[in-house]
Every structure is written in C-alpha cells, then in structure tokens.
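> Pasted the sequence and its predicted model underneath.
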Amino acid sequence: MTTSSTKTIAGTGYSQNVNSFDAGVEIANKAIDKSGLSQETLFFLFATPHHKIDLLMRGIRSVIGDKPKFLGCTTTGLVTNNFLSYNGALAGGAFISTDTTFYEMFHEASINDREFDAGRSLAKQIRDAHTPDDSSILFFYDSVKITSTEGPIALNVATSILNGFYSYFKRWPTVAGMGAMGEINLMYPCEAWANDVMGRQMLAAVTIGGPIKMNTIIMHGTRPVGSYHTITKAKDSIVYELDGEPALDVIHRLLGGNVQWEDFPLLVTLGVNNGDKFGEYKEENYASRLCLAIDKEQKALIMFENDLEEGSEVQLMQRNIDFNYIPSQVDKLISKLEGRKPFLALYIDCLGRVCSFSGLSREESLEVIKALGNIPFFGVFSGVEIANVGPRVNALDWTGVLCIFSEE
C-alpha cells in the first residue's frame, strides 16, 4: 500500500513467504507500488526469527534499488490495514521517502551486560552528529540476552539503556521504541539492524527531523486496583518483598487467592505512578511493569525491567482495554500535529495484548486502524515498549505506542 503527497511518499508491505529473498521481493512490490523513490528513503523492516535479514534486504533491493536504508528488529507478528498475524514466518515493513534529508541512523553493536554504557554512547553519537534539538528518536534493541533454550532466561534491560542515554543527553526529546521478542516463550534469539549492520545484542536507532515530524501517544491497557504497596526487598529485576512480606504471598492475596503462582508470569502487572500519588487517575502518568517469571523458593517476582527498587511504591494493575477509549487517544494524537499532514502510522504493540494471550473479544490493533481511517498503518508486536511518560521516557509493558509521521 502506497500513498503520496506533494513531497513525500510512504507505503507498507508484508509477506508470509518462508523464503527470505522471495519475501523481500513481495514486500517491495506491495509497499512501493512502482512509485519512484528519493535518495532520502527510510525503510522500517521487521521479521520473525525464521528469516535471514540480509536475504530479505537483498530481495527488497532487487525491486527498488539501493536507495533505502533499513532499520528494524525481530518481531512476533505484523499488522497492516488489511492483514494481521502472529503465527508462522512473517516479514514486512513501511517506508518513508522524501526529497529532503530527514533522518540519520546510529547503532551500538553490543548491549550485552553494558546497557547503560550503550545508552550513553548512543546519546553521544547523536550529539556528535549535531542533531537538531527538535528531532525525534526511534530505536529498537534485542531484548533477549539469554533464550530459554540457552539457559535461565535473561533480558537486556531498557531502563538501563535509557538511564545511560539521559546521563549524557540531559533532556528527553520525543522517543519511541521497542525491545525485540521472537515469540512468547523466549525460545528464539532476536536481532536488530541498522541498514547492513545487524546481529544479536544490538541497539539500532534513527533520528527523525527536517520536513518530517514524529508524534506519539500511549495506548494504555491497565488501571490500578487498590492501594499502594511498598517494595521492601528487591535486587536487579527481582522483587522479593512487598510491605515486608514475600511478594508472591502478597500478590496471591490481592488476586483473591484465585490465581496460582504458576500463572503470574505475563499476567501480574505492577504500576508506577509518575504523577500525583493521590490525584485523579491519569493513564499517561503510569508505567506498567510485567512479571516475566517467578522464583518459587524465594517467593519472588522476576520482572521484565530492573527499575523497581526498594522503597518504590507500586499498585497492582488490572487489565482493562476499553475499545471506546481508542478513538479519543487517536484524536488526541492527531491534534498534536497542528495541521500537519499525516502520511504513515507505526504501531508498537505488546504481544500480550493480542486476543490469543489477552482473552480480548477482538484485536485491539484493528480498533486503532479503524480509528485512524485511511492513514497507511504498519504495526509490530513487541516484548517491551518505549515512550514518553510524564517528564521522562520509560520502558513499558502491556501498552501500545502509536507513532504518526507527518509533514507540512
């Protein structure tokens, strides 16, 4: 699907072909629709772990030439205006092409055990490139440090990347991003890529500026239930105690004793309120933290992120996606454009929100598409989402981050 304006063309394409080169050819033919490309072309490319990324790129280039540069990562599934799947071999993407310089690409080849340093290095690269202050940043990283088939699951932590970034950058532009996830059980390794540089444990980023602007909004799916609870013992990504009691005992009680410990992973969500503790509930002030696994012996929660520290106050979050809330969030995002013309929507959506895992009656991402109308749409399913929350940027769980690209 391709759309054009006076300056910019954009399009999306996908393939279910298991052959990576042939899948690239199919994606290019669907996305570009024979329209001419500018030298300034950015292609967001995503694929399930089945694919060889270099062959995907080669297939796309065989159709559209060498002008586009690619940015992306492994995903569990794709959604476009007319397609949705999170099963089998999948690949696809969206492109932006205009006649004026609007992006610059950056990467860190390894974030393994150096997330903070990688984030700081990324910030320095962007500063050294004299990136304009009004530029936005979009980044993707490999979130799976150790797969379930390689040993005890371990994750690369987005919070540490962001802390490293802010230690050098000292301010927060508009930021969106995701942690790559190959499938729900974390069995497969993931990759990220910045054009022809690709691999595991990688961080890939792009700045967006010039004639193109990226605006974002979070699609929340949880609400706090009950009072605040204080973390009284924690280390790294493990929460041992809440209010002086073993964490699993407290959560079990809060859930009415009806949910077994074994069902806590990918279900139990803790929320951190970045706004007024006793003020009116505002979803934009909340960052959700999802349980990855449990430690039965120590009665502890193992979380996706490592920023829940001793002394942090959290609330148990109830999953509650109100489909009537989606159009109002889309309208709020459109109002941020201030009359600019939207030409592409990119949606980063938590895999846990799809019908197969959430129990929702219909796919939430399709409701987002409906609310957007005829704007070309490309979505990917993620393990971790990144977006601006209150005064800073946070790693998120069980959310969707909607990005709209626009021009004058």
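Structure received.
> what's the domain layout of this protein?
For the chain, the structural domains run 2-218+325-407, 223-319, going by automatic domain parsing.
> And the closest residue to residue 153 other than its chain neighbours, how close does it get to residue 307?
The shortest distance from residue 153 to any non-neighbouring residue, by C-beta to C-beta, 6 or more residues apart in numbering, is to residue 186 (5.4 Å). Every C-beta, even on glycine, is put in place using the N, C-alpha and C of the backbone. For residue 186, the distance to residue 307 equals 20 Å [C-beta to C-beta, to the nearest Å].
> Likewise for residue 401?
18 Å.
> residue ranges with poor pLDDT in the protein?
By pLDDT under 70, the low-scoring segments of the chain are 1-6, 34-35.
> Can you list the residue ranges for helices in it?
Listed in chain order, the helices of the chain (DSSP state H) span 20-32, 53-64, 115-128, 158-169, 247-254, 325-336, 355-358, 364-372.
> Including distance to residue 227 and mean neighbour count, could those go into JSON lines?
Shown next, in JSON lines, are the helices of the chain (distance: least, C-beta to C-beta, whole Å; neighbours: other C-beta atoms under 10 Å):
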{"stretch": "helix 20-32", "distance to residue 227": "49", "mean neighbour count": "22"}
{"stretch": "helix 53-64", "distance to residue 227": "47", "mean neighbour count": "20"}
{"stretch": "helix 115-128", "distance to residue 227": "33", "mean neighbour count": "19"}
{"stretch": "helix 158-169", "distance to residue 227": "25", "mean neighbour count": "21"}
{"stretch": "helix 247-254", "distance to residue 227": "10", "mean neighbour count": "19"}
{"stretch": "helix 325-336", "distance to residue 227": "24", "mean neighbour count": "16"}
{"stretch": "helix 355-358", "distance to residue 227": "26", "mean neighbour count": "15"}
{"stretch": "helix 364-372", "distance to residue 227": "28", "mean neighbour count": "20"}
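> To residue 349, which of those helices lies closest?
Closest approach to residue 349 among the helices of the chain is made by helix 364-372 (5.3 Å; C-beta to C-beta).
> any idea of the angle that closest one forms with helix 325-336?
50 degrees (axes from the mean of the first three to the mean of the last three C-alpha atoms, to 10 degrees).
> Show me what helix 364-372 is packed up against.
Applying 3 or more C-beta pairs under 8 Å, 6 or more residues apart in numbering; DSSP states H and E, one finds that helix 364-372 contacts strand 78-80, helix 325-336, strand 341-350, strand 377-382, strand 400-407.
> starting at the chain centroid, how far to the fourth one?
Remark: strand 377-382 is offset 9 Å from the chain centroid, using C-alpha atoms, centre = their mean, to the nearest Å.
> what sits up against it?
With C-beta atoms under 8 Å, 6 or more residues apart in numbering as the test, strand 377-382 has contacts from 12, 44, 46, 75-81, 86, 92-94, 178-181, 344-351, 354, 365, 368-369.
> Nearest to residue 213, out of the helices of the chain?
Across the helices of the chain, closest to residue 213 is helix 325-336 (C-beta to C-beta), at 9.3 Å.
> the inter-axis angle of the closest one versus strand 400-407?
Using the same axes, to 10 degrees: helix 325-336 against strand 400-407 is 30 degrees.
> orientation of helix 325-336 relative to strand 341-350 in degrees?
Using the same axes, to 10 degrees: helix 325-336 against strand 341-350 is 140 degrees.
> Tell me which other helices or strands helix 325-336 touches.
Using 3+ C-beta pairs under 8 Å, 6+ apart: helix 325-336 touches strand 213-219, helix 364-372, strand 400-407.
> picking that back up, in TSV, list the helices of the chain along with distance to residue 102.
Supplementary listing: the helices of the chain in TSV, determined by distance: least, C-beta to C-beta, whole Å:
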stretch	distance to residue 102
helix 20-32	18
helix 53-64	18
helix 115-128	15
helix 158-169	20
helix 247-254	46
helix 325-336	18
helix 355-358	36
helix 364-372	22
